[in-house]
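> Mind looking at a prediction? Sequence and model below.
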Amino acid sequence: MTAATQKETRGFQTEVKQLLHLMIHSLYSNKEIFLRELVSNAADAADKLRFEALTRPELLEGGAPLRIRIEADPAARTLTIDDNGIGLSREEAIAHLGTIAKSGTAEFLKNLSGDQKKDANLIGQFGVGFYSAFIVADQVDVYSRRAGLPASEGVHWSSRGEGEFEIEGIDKPERGTRIVLHLKEGEEGFADGWKLRGLVKKYSDHIGLPIELQKEQHGEDKPEAPEWEAVNKANALWTRPKTEITDEEYKEFYKHISHDFSDPLAWSHNKVEGKLEYTSLLYTPGRAPFDLYQRDAAKGLKLYVQRVFIMDQAEQFLPLYLRFIKGVVDSNDLPLNVSREILQSGPVIDSMKSALTKRSLDMLEKLAKDRPEDYAGFWKNFGQVLKEGPAEDFGNREKIAGLLRFASTHDASGEQGVALADYVGRMVEGQDKIYYLTGESHLQVKDSPHLEVFRKKGIEVLLMTDRIDEWLMSYLHEFDGKSFVDVARGDLDLGTLDTEEEKKAQEETAKAKEALAIRIKTALGEDVAEVRVSHRLTDSPAILAIGEQDLGLQMRQILEASGQKVPESKPVFEFNPDHPLIEKLDAEPDLDRFDDLARVLFDQAALAAGDGLKDPAAYVRRLNKLLLELSA
């Protein structure tokens, strides 16, 4: 007995054991989904064979038409799914059926909550459809041989889903994979021919190759060999006219290509004719995958050339900030032997990428316009990724900006995302700029002293609390002809929103408080770049403003987290001359007491801005000292 034919028992990877435990305990409320997953895997095996046969036609082994067969045996209580696709070698069977070789496995398991409905969505999202067989089967046998290997190098994999599997070499004359499910007691209904036909029509009608079941035989003259008939349409869904495709078919096709158990939010199906000829079917998912923020994770569209599958994740057709878009592109203008290297550049690829990017953004615009509640869900899942767009895609910057959503002072809860178009529509008379404030949390920014003058004048301010918002705004300079202004940066100038009387009063106050500004600057020394009277404040005594060219807190934290050196910068200390604490400070003759009070105000302003204190212990000592003096 050779190493290739010997029988051995192996243990499942730990993660698979946990997954099987969930499966076997009826994780899915909709058990019939297992058939869709196994048929989908069989269709993928056929696609992979077509692709490899482009350069190695001998893999077709005679050229029998590709198909999937489903055979039920009610007496034996078995269900068999058989395909003549690429098949598995012994090593591939061990690797693919005994482990989950996918990044994010630990995070996936950590997110399992015990809630069956939620966990079902997570498993579908993670894409481990083969194991769904154990929902209805107490034993699964897989017989397979990889195309191109001799018949003697077939493999038999078997497991009862109890922590281990057996594997041995067998003779298998036909290439491909045959999966035999030994149905659990009570699951005999899945061996019923009429039920199986209904399930295939429901879940797999879009599959682009025949799914065959045995013909129903009536009377006594039954043929010796079973007769097979296709029960699905057996042509690629994206090649059919849109008017002939139902919403349910579009949804099921999405689940087939994405291995996601939930419905997509939206889709866009287009056929382009003329100088370039290609068909695209793009989907917006309803939930985010685990590896969404891993920019080097596998992503992209399924690429077909003249309906022949070429590659699974062709990332060249969409920019990185649209990496969540799923779908298919089928081109007539690319060579059948196209490779990832050829796809890197060229006028055909560039033209298709530009058009597919626009179609994706149009799909999102339509979703936002027609179904704002669904778009709010999309934004929650994918908003941070879309915010990468203005930096990556200059040509579509305005279009992307229109899809962004932010909290604002107009929405006290911070839960409703404000579109920039809505903000512009609400601008007060004389306002020609879009004002925003960045910070670590909504709780921190919604009561920021920087907003005081804007509340007084009834001017809406966008509140940006995502970690990348400051970085985003360094690329997003204007929208609808209105420039963006950070209310915490530089010397605030409200332009015509301040009357001539207000501007004159500000100048007079600044002149009158020059001496106080000099005293405070002396007290704070090198910790501040400048001290000046504030035009921002109405209720608070002081704030820290960011220098016009300096990095804000968010950008400094991003650079520090990545180990990069942060450029040195000092804040501007602004004080409210009408506040009682500032009046008391101005009247304080004792130099040490003046310094202590000025330092406490500086540290409080830093805390209000969301920044940490350089010397918290000194702040506490000064505060305690002042409190004791007040109580004496």
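Cool, got the structure. Numbers count the residues shown, from 1 in each chain.
> List the buried residues for stretch 199-211?
199-200, 203-211 (16 or more other C-beta atoms under 10 Å). Just so you know, the C-beta spots here come from the backbone N, C-alpha and C atoms, and that holds for glycine as well.
> ok, then the element right after the helix or strand of the chain with the lowest mean pLDDT?
The weakest-scoring helix or strand in the chain, judged by mean pLDDT, DSSP states H and E, is helix 116-126 (a mean of 50). Once the chain leaves helix 116-126, the next helix or strand it forms, by DSSP states H and E, is strand 137-145.
> contact partners of that next one?
For strand 137-145, contacts defined as C-beta atoms under 8 Å, 6 or more residues apart in numbering pick out 79, 87-88, 93, 97, 133-134, 151, 153-161, 170, 172, 174-184, 187.
> hmm, who's touching the single longest helix found in the chain?
In the chain, taking DSSP state H as the definition, the longest helix is helix 347-370. Contact with helix 347-370 is made by 265-268, 270, 272, 276, 278, 280, 282, 284, 301, 316-319, 322, 325, 329, 331, 333-334, 343, 374-375, 378, 386, 393, 395-396, 399-400, 402-403, 419, as judged by C-beta under 8 Å, 6+ apart.
> out of those, which are buried?
Taking 16+ other C-beta under 10 Å as the criterion, what is buried in the contacts of helix 347-370 is 265-268, 272, 278, 280, 282, 284, 301, 316-319, 322, 325, 329, 331, 334, 343, 375, 378, 386, 393, 396, 399-400, 402-403, 419.
> Among the residues you listed, which ones are in helices?
Among the buried ones among the contacts of helix 347-370, the members falling in helices (DSSP H) are 375, 378, 386, 399-400, 402-403.
> Redo the residues you listed as CSV? Include distance to Arg50 and pLDDT.
Below are those laid out as CSV (distance: C-beta to C-beta, whole Å; pLDDT from 0 to 100):
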residue, distance to Arg50, pLDDT
Tyr375, 38, 95
Phe378, 34, 94
Leu386, 35, 95
Lys399, 37, 96
Ile400, 37, 96
Gly402, 41, 96
Leu403, 37, 96
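> C-alpha coordinates for stretch 363-372, CSV please?
Only the C-alpha atoms of stretch 363-372 are listed here, as CSV (Å, rounded to 0.1, in the frame of the first residue of the first chain):
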residue,chain,number,x,y,z
MET,A,363,-25.6,52.6,-7.9
LEU,A,364,-24.8,54.0,-4.5
GLU,A,365,-26.3,57.4,-5.5
LYS,A,366,-29.5,55.7,-6.5
LEU,A,367,-29.6,53.8,-3.2
ALA,A,368,-29.1,56.9,-1.2
LYS,A,369,-31.8,58.8,-3.1
ASP,A,370,-34.5,56.1,-3.3
ARG,A,371,-33.9,54.2,-0.1
PRO,A,372,-32.2,56.5,2.5
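> For that stretch, list every residue counted as buried.
Neighbour-count burial for stretch 363-372, counted by 16+ other C-beta under 10 Å, picks out 363-364, 367-368.
> Over to stretch 255-271?
Across stretch 255-271, burial judged by 16+ other C-beta under 10 Å covers 255-269.
> Keeping just the C-alphas, turn that stretch into PDB.
Taking Å, rounded to 0.1, in the frame of the first residue of the first chain, the C-alpha atoms of stretch 255-271 are listed here in PDB:
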ATOM      1  CA  LYS A 255     -25.200  34.700  -2.800                       C
ATOM      2  CA  HIS A 256     -23.600  32.300  -5.300                       C
ATOM      3  CA  ILE A 257     -20.700  34.600  -6.200                       C
ATOM      4  CA  SER A 258     -20.200  36.100  -2.700                       C
ATOM      5  CA  HIS A 259     -21.000  33.100  -0.500                       C
ATOM      6  CA  ASP A 260     -22.900  35.600   1.600                       C
ATOM      7  CA  PHE A 261     -26.200  34.300   3.100                       C
ATOM      8  CA  SER A 262     -27.800  37.800   3.300                       C
ATOM      9  CA  ASP A 263     -29.400  39.700   0.400                       C
ATOM     10  CA  PRO A 264     -27.500  42.500  -1.400                       C
ATOM     11  CA  LEU A 265     -28.700  46.100  -0.900                       C
ATOM     12  CA  ALA A 266     -28.600  47.000  -4.600                       C
ATOM     13  CA  TRP A 267     -27.300  45.800  -8.000                       C
ATOM     14  CA  SER A 268     -26.500  47.300 -11.400                       C
ATOM     15  CA  HIS A 269     -26.700  45.100 -14.600                       C
ATOM     16  CA  ASN A 270     -25.300  46.700 -17.800                       C
ATOM     17  CA  LYS A 271     -24.300  45.600 -21.300                       C
END
